[in-house]
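>>> Please work out how this folds:
(one chain, ligands or ions: 1)
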Amino acid sequence: MISQSATPKDTPLPTASLADTLGVLADVVLPTLAKGVIIRRPRAIAIAERLDLDRRAVRRLQRLRDRYGAGPVLLRLPGRVQAVVLAPEHVRRVLAATPEPFAAASSEKRAALSHFEPHGVLISHGAERVERRRFNDTVLESERPRHALAEGFVGVVREEMGRLLETVGRDGTLDWAGFAAAWFRVVRRVTLGDGARDDEELTDLLADLRGDANWGPLRPKRRPLRDRFLARLAAHVARAEPGSLASVAARVPTLPGTDPAGQVPQWLFAFDAAGMATFRALALLATHPAHEARAREELGGAASAGAPELPYLRACVLESVRLWPTTPMVLRQSTGPTTWEGGAMPAGAGVLIFTPFFHRDDARLPFADRLAPEVWLGDGPAPAEWPLIPFSGGPGICPGRQVVLLLASAALAVLLAGRRLAVRPPVRLNAGRPLPATLSPFRLRFSVVE
Ligand code: HEM
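Numbers count the residues shown, from 1 in each chain. Next comes the predicted model:
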């Protein structure tokens, strides 16, 4: 529990020196923005990989913690109060107290996401947020490892990944372009039904708008393009094709402010991250023979029937997003003043939780830079109080997490079953060495040996 009496309410939180502020901007904020927050930029990621920029970001925040203690520490920025969270108990506090007094709908998130999802729950607040969150939780069945439509979803994954493997068979190489095309077919079928399977234009329109969203308020909104995308999406949602998430959405009661179809852009957008997480998990398994052997033990008939739970493969996907979080910046904005041991935070402050700092803190976590699925299975060195939060936490936790783990583990099961995969140079992952801080999915290629 955070003591609120140690510091007078009017003493502000510690403020970083100008040099430290510039250091955080240069090492943490700018590289994350350059890599693309809403849609990844492959070239920027390749540079980050080469220069080990994500490691530098973690080191920077470790130094900030050494210098300023638990924090949160304020950056010295003109016209903006921006806090950086440095202590596990503060992460828990901020996430637990979402959306009041820590709103998920921060101004930068609103500026970015409104390019393509003006009514998304993530940028909604107050009664609208409550209602849209309820809708998302209900359709995505956020607490259930196996969605009511799980068998059908897994069947779709098997079909699409099976077809992918047939094409791979021709020259024996599985690369990102092939995988991503198959993955997005899965995403469109699961979300909108078979009628959307080949609607690549829908995905392309969204990618275009996400490109604008990377620039936040700096890019003017292309409203005609957004309207075209939303209308095309709404037509798919309206079909409510049996077996799809859209069919569930059609059955869930709504209110005037729910905007069911307006929630779906977030799903399509976020499934992109799930594909990257899956591809990286495949690379982890292909380069860690002991873990791969353990994963294969649970495959059994999993690649061909039913929708088994696959706990070990799920843990490997969780490791993929722990090691390389697809939402590295969890942002909040304070809706009122708050007090901390270190001082007071005013209303309207931006609050940054930089997840790689917590997931890869080698000063605190013995498994920071290695593959450790056991952490998620409750039989390893899991520090119960430590924030491993690839899907965020508290009331704003990702409602899609169970569907992600279901589809990702099913895809891994198909890709691994009955064949060996080897990561091709230039990417090198080695079970005996610390894992890299950045791993571009775009440069990953596998040799497939049947
Ligand atoms: C690897 C895949 C994914 C990861 C790592 C992930 C992670 C996250 C994180 C960290 C947040 C919180 C963001 C914030 O507070 O600023 C979030 C929110 C959300 N995610 Fe996911 N997500 C993934 C995929 C998905 C998918 C596939 C869906 C839907 C099918 C989804 C639906 C949502 C929604 C609706 C929110 C907003 C929740 C709210 O504001 O209450 N996510 N996700």
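>>> Can stretch 110-128 be said to contact the ligand?
Yes. Part of stretch 110-128 sits near the ligand under the criterion C-beta under 6 Å from any ligand atom, namely V121, L122. Glycine gets a C-beta too; all of them are placed from N, C-alpha and C.
>>> ok, the residue in the stretch 351-450 of the chain positioned nearest to the ligand - contacts?
At 2.3 Å from the ligand, G400 is the closest residue in the stretch 351-450 of the chain, using C-beta to the nearest ligand atom. Residues near G400 by C-beta atoms under 8 Å, 6 or more residues apart in numbering: N136, L140, S142, W267, A270, F271, A274.
>>> Any idea how far the longest helix belonging to the chain is from the middle of the chain?
Identified as the longest helix of the chain according to DSSP state H is helix 264-287. The chain centre lies 9 Å from the centre of helix 264-287; the measure is C-alpha atoms, centre = their mean, to the nearest Å.
>>> Ok, stretch 328-338 next?
On C-alpha atoms, centre = their mean, the centre of stretch 328-338 falls 18 Å from that of its chain.
>>> what about the residue of the stretch 51-200 of the chain found nearest the ligand, is that helix, strand or coil?
Nearest residue of the stretch 51-200 of the chain to the ligand, counting by C-beta to the nearest ligand atom: L122, 3.9 Å away. Of the three states, L122 takes helix according to DSSP: H, G, I helix; E, B strand; the rest coil.
>>> Test my guess that it contacts A103.
No. Between L122 and A103 there is no contact under C-beta atoms under 8 Å: 10.5 Å.
>>> any idea how far the closest residue to the ligand within the stretch 201-350 of the chain lies from R364?
Residue nearest to the ligand within the stretch 201-350 of the chain: A270 (3.2 Å; C-beta to the nearest ligand atom). To R364, A270 is 29 Å away according to C-beta to C-beta, to the nearest Å.
>>> and what of L77?
From L77 to R364 the distance is 28 Å (C-beta to C-beta).
>>> residues contacting I45?
I45 neighbours (C-beta under 8 Å, 6+ apart): K35, G36, T438, S440, F442.
>>> Return the backbone torsion pair for A344.
When read as degrees, to the nearest 10, the backbone of A344 gives phi -100, psi 150.
>>> And for stretch 182-197, what's in contact with it?
Applying C-beta under 8 Å, 6+ apart, the set of residues contacting stretch 182-197 is 153, 156-157, 160-161, 163-164, 198-200, 202-203, 233, 236-237, 239, 241-247, 264, 267-268, 271-272, 274-275, 278, 403, 407, 411.
>>> so which of the contacts of I45 comes closest to R56?
Nearest to R56, judged by C-beta to C-beta, of these is T438 at 10.2 Å.
>>> quick one, what contacts that closest one?
I45, A48, E49, D52, L53, D54, R55, W324.
>>> and these, which are buried?
I45, A48, E49, L53, D54, R55, W324 (16 or more other C-beta atoms under 10 Å).
>>> Quick check: the two most widely separated of those residues?
Counting by C-beta to C-beta, the most remote pair of those is I45 and R55, 14.2 Å apart.
>>> about what we covered before: among A270 and R364, which residue is more densely surrounded?
A direct count of neighbours by other C-beta atoms under 10 Å for A270 and R364 places A270 higher, at 19 against 13.
>>> so is R55 in a helix, a strand, or just coil?
Secondary structure assignment for R55 (three-state DSSP): helix.
>>> nearest spatial neighbour of it, skipping sequence neighbours?
A437 (3.9 Å; C-beta to C-beta, 6 or more residues apart in numbering).
>>> neighbours around that neighbour, how many?
20.
>>> now K221
Neighbour number of K221 under other C-beta under 10 Å is 16.
>>> now swap in P253 and tell me
8.
>>> Please apply the same query to T254.
Neighbours of T254 (other C-beta under 10 Å): 14.
>>> That one is in contact with N136, isn't it?
No. Counting by C-beta under 8 Å, T254 does not reach N136; the two are 11.7 Å apart.
>>> ok, V29 to T98 distance?
21 Å.
>>> More neighbours: which of those two?
T98 (20 against 17).
>>> in what helix or strand does the more buried one lie?
For T98, there is no host helix or strand (DSSP states H and E).
>>> In contact with the nearest residue to it once chain neighbours are set aside, which residues?
Leaving aside its chain neighbours, T98 sits nearest to G396 (4.1 Å; criterion: C-beta to C-beta, 6+ apart). Neighbour list for G396: L95, T98, P99, A104, L122 [criterion: C-beta under 8 Å, 6+ apart].
>>> again, but for A349
L74, V81, Q82, A83, Q333, S334.
>>> and if you look at V414?
Here V414 is in contact with V157, R158, M161, G162, L165, A303 (criterion: C-beta under 8 Å, 6+ apart).
>>> cool, L164 as well?
Taking C-beta under 8 Å, 6+ apart, one finds L174, G178, F179, A182 in contact with L164.
>>> want to throw the residues you listed into TSV with neighbour count and distance to S17?
As requested, the contacts of L164 are exported to TSV (neighbours: other C-beta atoms under 10 Å; distance: C-beta to C-beta, whole Å):
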residue	neighbour count	distance to S17
L174	25	48
G178	15	49
F179	24	45
A182	23	50
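>>> okay, those residues in JSON lines with secondary structure and pLDDT next?
Listed next are those as JSON lines, based on DSSP: H, G, I helix; E, B strand; the rest coil; pLDDT from 0 to 100:
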{"residue": "L174", "secondary structure": "strand", "pLDDT": "96"}
{"residue": "G178", "secondary structure": "helix", "pLDDT": "96"}
{"residue": "F179", "secondary structure": "helix", "pLDDT": "97"}
{"residue": "A182", "secondary structure": "helix", "pLDDT": "98"}
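>>> Could you check how far the closest residue to L53 other than its chain neighbours is from V375?
Excluding its sequence neighbours, the residue lying closest to L53 (C-beta to C-beta, 6+ apart) is P31, at 4.5 Å. P31 sits 26 Å away from V375 when distances are taken as C-beta to C-beta.
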